[in-house]
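K.L.:
below: sequence and its predicted model.
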Amino acid sequence: MTAQPPPQPQARGPLRALVTARVAERFADELAVLGIPLVATVTLAASPLWIGTIKAGLFLAPLLISLPAGLWADRFSPRRIMATAALVRGLALAAIAGVWALGWLTERWLLALAVAAGLAATTYVVVAQAAVPAMMPQGALGAANARIETGAHVSSTVAPTLGGVLGRFAAAPLLPLAAAASTVVTGFAALKLPEPRRHVHAAPPRIRDGLAYVVSHPLQRRILARSAVANLGMMAIVAMMPVAVIRTMGFDALALGVLLGVSGVGGIAGAAASPALTRRFGEGGVVVAASVVGGAAALLYPVSLALPRGWNIGVLLLAETVSLAAVTVYSVTGRTLRQQLCPPDMQGRMNASMSFAVQGTGPVGAVLGGALASAAGTPAAFWAGALLILASVPLVLLSPLRGMREVPVER
């Protein structure tokens, strides 16, 4: 099951809507992830620990709402949940600019609104991931996931550059406002999706069934463990990226935006290459190879901080580009593998359980990065993050995924 034919004509309408919604959602995500820490760093002049805490607020949501969102995805209308989540997220992001304009913005206000936006964003992502296998033919999942993520990484290239321009020449709180505008497109695209065929449950779906399935399945469990540890390390690095570029390296918000925008080319390349890599090497082999490349690239993050000016930003750009390419290949291939393994009536709760365990490490990683940067400097945070990413590699390297060319589909 490594060949991934293109979606059938009857699936192209839903796929277009899914791609449009994902592109707009990712555009908002990039502006928010860049803008909210930038507001803390530049507008509020917050401490590294506060910056890490506010960044953690963006990633706290999976611990709070992933599991209920997965249950909703298996029981209710995905399109309505996705549209509502986009609306709520937009209101929370727009409120950041509103509070700033009134002169009331503080670290606590920013943290509260970041958490609210994160709750809505997590709900959207969990439900959207469950909607893809419900609307796409089984054999076309890989191609559909790759197309959706290719569009998403185009946003990842454009949005940070735009955000850097707004941060330098306008005001950092305008970034969340621009993100809020993008959520309107997400909501309207979600409403264009058809209602998928509902699965008949012998008994009411339960949250714990999804957790039990993921933990008991040998392949799902390996993917979960590797993803959770790697995300812990990556968030320690991501949380301190504004501090590294602006305070440690001495560049400005525009340089940060260009860095994140140009590195998005790695994500586009990774998403576009995923189907071909899977056909050539199989899902399991690609997941392992992407993990190895990502682990090696992570070491470039702390190395960049020790280099002279000019070289430092160049090596940081290389680290971000290669890491993003590896993460995207891993994400697209791993998500397709998980969807193929999972029974149809468990898709929402499976995605929710993964999000709860993996994205739930985000707040811990962000606070860890902030605490280490406050206590020992930004390089310490980057080294800790890189070593955690590297330590995650054996979890899939020493597993049945290595060399596995066909997915053992279970129904």
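P.N.:
In hand now; what should we look at? Numbers count the residues shown, from 1 in each chain.

K.L.:
quick one: contacts of stretch 226-234?
P.N.:
Under the criterion Cβ atoms under 8 Å, 6 or more residues apart in numbering, residues 291, 294-295, 298, 323, 327, 334, 354, 357-362, 364-365, 368, 384-393, 395-396 lie in contact with stretch 226-234. C-beta coordinates here come from the backbone N, C-alpha and C atoms, glycine included.

K.L.:
narrow the residues you listed to those in strands?
P.N.:
Nothing among those maps onto strands, per DSSP state E.

K.L.:
separate out the buried members of those residues.
P.N.:
291, 294-295, 298, 323, 327, 334, 354, 357-362, 364-365, 368, 384-390, 392-393, 395-396 (16 or more other Cβ atoms under 10 Å).

K.L.:
the residues you listed in helices, which ones?
P.N.:
Judged by DSSP state H, helices contain the following of the buried ones among the contacts of stretch 226-234: 291, 294-295, 298, 323, 327, 334, 354, 357-358, 361-362, 364-365, 368, 384-390, 392, 395-396.

K.L.:
can you pull out the strands in the stretch 51-200 of the chain?
P.N.:
Assigned strands in the stretch 51-200 of the chain: none (criterion: DSSP state E, counting those that start in this stretch).

K.L.:
report how many residues lie close to residue 255.
P.N.:
16 (other Cβ atoms under 10 Å).

K.L.:
which non-adjacent residue is nearest it?
P.N.:
residue 245 (6.2 Å; Cβ to Cβ, 6 or more residues apart in numbering).

K.L.:
go on, residue 171?
P.N.:
Counting by Cβ to Cβ, 6+ apart, the residue nearest residue 171 is residue 43, at 7.2 Å.

K.L.:
and that neighbour, how many neighbours?
P.N.:
Residue 43 has 16 nearby residues by other Cβ under 10 Å.

K.L.:
separation between residue 45 and residue 172?
P.N.:
11 Å (Cβ to Cβ, to the nearest Å).

K.L.:
excluding sequence neighbours, find me the nearest residue to residue 290.
P.N.:
residue 330 (3.8 Å).

K.L.:
for the closest residue to residue 81 other than its chain neighbours, give me its contacts.
P.N.:
Excluding the flanking residues, the one nearest residue 81 by Cβ to Cβ, 6+ apart is residue 127, at 4.8 Å. Residue 127 sits next to 69, 72, 73, 78, 81, 82, 85, 348 when contact means Cβ under 8 Å, 6+ apart.

K.L.:
picking up where we left off before, three-state assignment of the residue nearest to residue 290?
P.N.:
helix (DSSP: H, G, I helix; E, B strand; the rest coil).

K.L.:
got the phi/psi numbers for residue 172?
P.N.:
phi -60, psi -40 (degrees, to the nearest 10).

K.L.:
close enough to count as contact, it and residue 35?
P.N.:
Yes: look at residue 172 against residue 35 with Cβ atoms under 8 Å: they come within range, at 6.2 Å.

K.L.:
shaky segments in the stretch 101-250 of the chain?
P.N.:
The model of the stretch 101-250 of the chain has pLDDT under 70 over residues 138-139, 170, 196-205.

K.L.:
hmm, 50 instead?
P.N.:
For the stretch 101-250 of the chain, the stretches with pLDDT under 50 are 200, 202.

K.L.:
and for residue 172 and residue 35, which residues touch both?
P.N.:
Common contacts of residue 172 and residue 35 (Cβ under 8 Å, 6+ apart): residue 166.

K.L.:
neighbour count: the two, which is higher?
P.N.:
It is residue 35, of residue 172 and residue 35, that has more neighbours when counted by other Cβ under 10 Å, with 29 against 25.

K.L.:
for that one, give me its contacts.
P.N.:
Here residue 35 is in contact with 163, 166, 167, 172, 173, 174, 175, 176, 178, 179 (criterion: Cβ under 8 Å, 6+ apart).

K.L.:
buried set for stretch 25-45?
P.N.:
25-44.

K.L.:
average pLDDT for it?
P.N.:
Over the span of stretch 25-45, the pLDDT mean works out to 85.

K.L.:
stretch 51-68 now?
P.N.:
79.

K.L.:
quick check: buried residues in that stretch?
P.N.:
51-63, 65-67.

K.L.:
so residue 33 versus residue 279, what's the distance?
P.N.:
Counting by Cβ to Cβ, the gap from residue 33 to residue 279 is 32 Å.

K.L.:
tally of neighbours for residue 281?
P.N.:
For residue 281, using other Cβ under 10 Å, the count is 18.

K.L.:
so it sits against residue 287, correct?
P.N.:
No: counting by Cβ under 8 Å, residue 287 is not a contact partner of residue 281; they are 9.7 Å apart.

K.L.:
the nearest residue to residue 365 once chain neighbours are set aside: how many residues sit nearby?
P.N.:
What sits nearest to residue 365 in space, not counting adjacent residues and going by Cβ to Cβ, 6+ apart, is residue 235, at 3.0 Å. When neighbours are defined as other Cβ under 10 Å, residue 235 has 27 of them.

K.L.:
for residue 235, what are its contacts?
P.N.:
55, 59, 361, 362, 363, 364, 365, 366, 368, 369, 385.

K.L.:
I'd like the distance between it and residue 33.
P.N.:
On the measure of Cβ to Cβ, residue 235 and residue 33 end up 11 Å apart.

K.L.:
now the helices for the stretch 1-150 of the chain?
P.N.:
For the stretch 1-150 of the chain, applying DSSP state H, counting those that start in this stretch gives helices covering 9-38, 48-59, 61-75, 78-101, 107-135, 141-169.

K.L.:
what helix or strand does residue 235 sit in?
P.N.:
helix 218-239 (DSSP states H and E).

K.L.:
in that helix, what's buried?
P.N.:
Here helix 218-239 shows 219-239 as buried, counting by 16+ other Cβ under 10 Å.

K.L.:
what residues does the helix or strand following it touch?
P.N.:
Using DSSP H and E, the helix or strand that follows helix 218-239 in sequence is helix 241-242. Helix 241-242 has contacts (Cβ under 8 Å, 6+ apart) with 37, 38, 41, 51, 256, 260.
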